Structure formats: C-alpha cells, structure tokens
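Colleague: Kindly generate the corresponding structure for this input.
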Amino acid sequence: MAYLDHAATTPMLPEAVQELTAQLTVTGNASSLHGSGRRARRTVEEARERLAGALGARPSEVVFTSGGTEADNLAVKGLFWSRRAADPRRTRVLASPVEHHAVLDAVRWLADHEGARVEWLPVDGVGRVRPDALREAVARDPQDVALATVMWANNEIGTLQPVHELAEVAAEAGIPLHSDAVQALGQCEVDFAASRLAAMAVSGHKAGGPYGVGALVLGREHSPEPLLHGGGQERDVRSGTLDVPAVAAFAVAAELAAARRAAFARGVGALRDALVAAVLAAVPDAVLGGDPDPAGRLPANAHFAFPGCEGDSLLLLLDAQGIECSTGSACTAGIAQPSHVVLATGADPDLARGTLRFSLGHTSTEADVADVAGAIGPAVERARSAGLT
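Modeller: The predicted model follows:
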C-alpha cells in the first residue's frame with residue numbers, strides 16, 4: 001500500500017506511541033488534589049511546556065482541546081462573542097474563502113445564528129490572501145471588526161499564507177487574527193510569539209501524535225467566551241477533564257516534529273518534487289494546484305486537477321491499486337461538488353471537480369512515488385473514458 005494521505009492523518013511517531021502507552025496505565029484526574037491528581041497535573045503541565053516550546057509560545061498560552069476543529073471553533077466563535085460583548089458594533093468577521101471547514105462552517109454559523117456580517121477576503125490564483133486585501137477590508141471600518149481568520153497553510157492545495165504580514169496589519173488596527181495552523185506544524189517554522197497572532201489552532205494527529213487532542217494557542221490578553229461550561233479548566237475557556245495520556249503524547253510528537261522540521265522539509269520535499277514531475281510526465285495536461293514555487297507551499301503537498309475526470313473516480317481507481325490519497329470535492333445528494341478552495345482561486349468548476357491531493361509524511365518512500373508514477377496515467381485514461389460513456 002502507498003499511503004499518501006498524511007494531511008488527513010499521519011502515523012503516530014514511535015516515541016509518541018511509547019509515551020501514550022506508558023500514560024494509559026497511570027490513574028489520576030489532573031483536576032484532583034490528591035497525590036494521583038497532582039501527578040497527572042504535573043504530566044499535563046510538563047506537556048504544556050514542551051508543546052509551548054515547540055510552538056514558540058508561553059505555556060500559559062496553550063489551551064488543550066479535543067483537536068483542531070474544537071480549537072478553531074473556540075477561537076472563531078469565542079472571540080466573536082467576547083469582542084461583540086465589549087462593543088456591540090463589532091459584528092464583522094473577515095475570513096479567507098479557502099479555510100478548512102472547521103473555520104468556514106463556524107464563520108457561516110455565526111452569520112446564520114449570531115448576526116455576524118461576513119466579508120470573504122479575496123485570494124489570488126494560488127489561493128493566497130494578500131496583506132493589502134486585509135488592509136483594505138479593515139480600513140472600511142476598523143471599529144466594527146470582531147476578528148479576522150486566515151489559515152497558515154492550506155490543507156488542500158498546500159499554499160502558505162503570509163501570516164506574519166497579515167498579523168501585522170491586524171495588530172495595527174487592534175483586531176485579533178486567528179490562524180488554523182493544523183497543517184503547518186512540523187512542516188513550517190511555527191513561532192506564535194514572532195507571528196503576532198491572537199490565536200492559533202494545532203492538532204495532534206497531523207503531527208505524529210494521537211487522535212482526539214489539539215490545542216488553541218491563545219494570547220494572554222484574549223479571553224474568548226467558552227464553548228463548553230463546567231469545571232473551568234484551561235484558563236476557564238475550555239472546561240472538561242483533560243486526556244492526560246493524549247496530551248503527553250501530543251507534546252512529544254510536536255516537540256519531535258518541530259525539531260525534525262528542516263530535515264523533514266528537505267527529504268519529503270524532494271519526494272514531493274519527484275511525485276509532481278512523475279504525474280506531469282504521465283499526464284501532461286494535469287494542472288498543479290497551489291503555488292508552483294516549492295518555497296510557497298507545504299513540502300509534503302502535491303495537488304492536481306485532471307481535466308475531463310471526476311476526482312472521486314480517480315481516487316477509487318487508485319485505491320483499487322493500493323494507492324491512498326484524497327480529493328477536495330464533496331458529495332452532496334450523490335452529486336460531486338467542486339472544491340471550494342479550488343473555486344476560490346478562479347478555476348473552472350469542471351476542473352475543480354477533478355482534483356486529487358497527494359500528501360506525504362515521515363513514512364513516505366521512493367517506492368510510493370514510483371507506484372503513483374506507474375498508476376496515474378492509466379487511471380486518468382480510464383476515468384476519462386468512463387466520463388464519456
């Protein structure tokens with residue numbers, strides 16, 4: 001099997017598995033005051049310090065969550081509610097249209113249920129939000145903006161956003177900028193303090209950690225309204241008993257991913273470049289998605305649109321040959337819908353329906369690339385033939 005869907009989830013690092021396994025046999029609620037509780041609390045706080053170090057943040061800025069989706073929702077909804085409560089004029093949300101659905105749907109929910117006025121920031125042909133676009137949107141009335149949200153790296157097409165420049169624009173106007181950095185951890189240099197972001201979401205299972213754990217890195221000056229109410233854990237913005245084993249394993253994985261980032265980018269980036277060359281040689285009219293400059297995209301991402309094909313058909317044809325990847329299209333009522341990310345870049349809807357994402361990771365090999373090179377041409381030919389019948 002050639003597993004090329006690491007952006008969906010990547011295998012756990014052995015060190016993270018070892019940490020998780022060791023902690024599973026230890027009893028203790030980190031909120032309890034007795035000895036077992038204090039030992040669990042110590043494990044959590046040590047993990048918080050390790051994760052903060054990997055992310056360029058202070059330990060007090062790390063709020064553990066159940067994953068990236070919860071972290072994104074807490075940031076988007078929570079900051080909207082708190083900013084609006086402080087000033088009822090703040091109902092405008094500035095968001096990029098290429099966000100992961102964890103952000104996209106949270107923003108739309110605020111519009112449908114909370115009276116938010118959403119302004120979608122334009123992106124260019126590679127899916128990038130330019131700082132001038134954010135500056136122009138803010139300038140229309142800085143006082144009515146509740147927050148802005150732009151992801152660090154796109155999960156479908158791999159394009160990197162100019163996060164530091166965008167955060168500078170937002171900070172100058174006193175507007176919190178949130179960034180979904182789920183795909184960036186371990187592939188890009190992620191430094192929360194240097195970024196000037198107000199909030200940043202990360203997830204364990206995208207960086208070699210376990211499922212079901214993530215974090216919202218939250219500047220100490222920000223206090224979003226919580227989504228969950230209960231015991232007041234995690235700065236009173238995220239109640240709930242912490243999953244101590246998962247938190248500990250996540251911290252190990254994040255620390256290793258950050259430490260190995262440069263080597264990962266070199267090795268996996270070279271495999272990605274070989275995969276791109278192989279696909280374009282086999283299917284010359286395939287269209288590479290995202291920024292064609294390797295410096296402007298995730299080192300593990302290779303996204304293509306195949307004219308005359310349905311992405312789902314291609315995915316299944318490759319899956320039958322043991323090659324696992326993903327497609328950005330969604331199926332609604334049995335009808336394939338084009339990727340919202342690809343459409344936002346100005347691509348033709350028919351082309352946007354025929355996309356595949358190959359994403360590599362720490363277990364990827366040259367054999368995986370060779371498997372794709374041998375299978376993609378015949379798969380595209382079959383998918384096109386099927387489309388004509």
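Colleague: going forward, measure contacts and count neighbours with C-alpha atoms only.
Modeller: OK.
Colleague: Measure how buried residue 175 is and give me the count.
Modeller: Here the number of neighbours of residue 175 (other Cα atoms under 10 Å) works out to 22.
Colleague: What segments of the stretch 51-200 of the chain are strands?
Modeller: 62-65, 92-95, 117-120, 145-149, 177-180, 199-203 (DSSP state E, counting those that start in this stretch).
Colleague: Of those, which is nearest residue 294?
Modeller: Closest to residue 294 of the strands of the stretch 51-200 of the chain, according to Cα to Cα: strand 177-180, at 20.7 Å.
Colleague: Okay, now the sheet partners of the closest one, with direction.
Modeller: Strand 177-180 pairs in its sheet with strand 145-149 (parallel), strand 199-203 (parallel), by DSSP bridges.
Colleague: which parts of it are buried?
Modeller: 177, 178, 179, 180 (16 or more other Cα atoms under 10 Å).
Colleague: Isn't residue 29 up against residue 43?
Modeller: No: under the criterion of Cα atoms under 8 Å, residue 29 makes no contact with residue 43, lying 10.8 Å away.
Colleague: So the chain: which segments form each domain?
Modeller: With domains defined by automatic domain parsing, the chain comprises 14-259, 261-388.
Colleague: CSV for those, including distance to residue 6?
Modeller: Formatted as CSV, those follow (distance: least, Cα to Cα, whole Å):
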stretch, distance to residue 6
domain 14-259, 7
domain 261-388, 5
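Colleague: among those, which is nearest residue 1?
Modeller: Of the domains of the chain, nearest to residue 1 by Cα to Cα is domain 261-388, at 4.6 Å.
Colleague: roughly how far out does that closest one sit from the chain middle?
Modeller: 18 Å (Cα atoms, centre = their mean, to the nearest Å).
Colleague: Averaged pLDDT, it. What do you get?
Modeller: In this model, domain 261-388 has an average pLDDT of 92.
Colleague: which ones are touching residue 188?
Modeller: Residues near residue 188 by Cα atoms under 8 Å, 6 or more residues apart in numbering: 261, 298.
Colleague: CA atoms only for stretch 243-263 - export them in CSV, please.
Modeller: The C-alpha atoms that make up stretch 243-263 are tabulated as CSV, following Å, rounded to 0.1, in the frame of the first residue of the first chain:
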residue,chain,number,x,y,z
ASP,A,243,-7.0,13.4,28.4
VAL,A,244,-3.6,13.1,30.2
PRO,A,245,-2.2,10.3,28.0
ALA,A,246,-3.1,12.0,24.8
VAL,A,247,-1.8,15.4,26.0
ALA,A,248,1.5,13.9,26.9
ALA,A,249,1.9,12.0,23.6
PHE,A,250,0.9,15.1,21.6
ALA,A,251,3.6,17.1,23.3
VAL,A,252,6.2,14.5,22.5
ALA,A,253,5.1,14.4,18.8
ALA,A,254,5.0,18.2,18.4
GLU,A,255,8.4,18.6,20.0
LEU,A,256,9.9,16.0,17.7
ALA,A,257,8.1,17.4,14.6
ALA,A,258,9.4,20.9,15.3
ALA,A,259,13.0,19.6,15.9
ARG,A,260,13.0,17.5,12.8
ARG,A,261,11.2,20.1,10.6
ALA,A,262,14.2,21.1,8.5
ALA,A,263,15.2,17.5,7.7
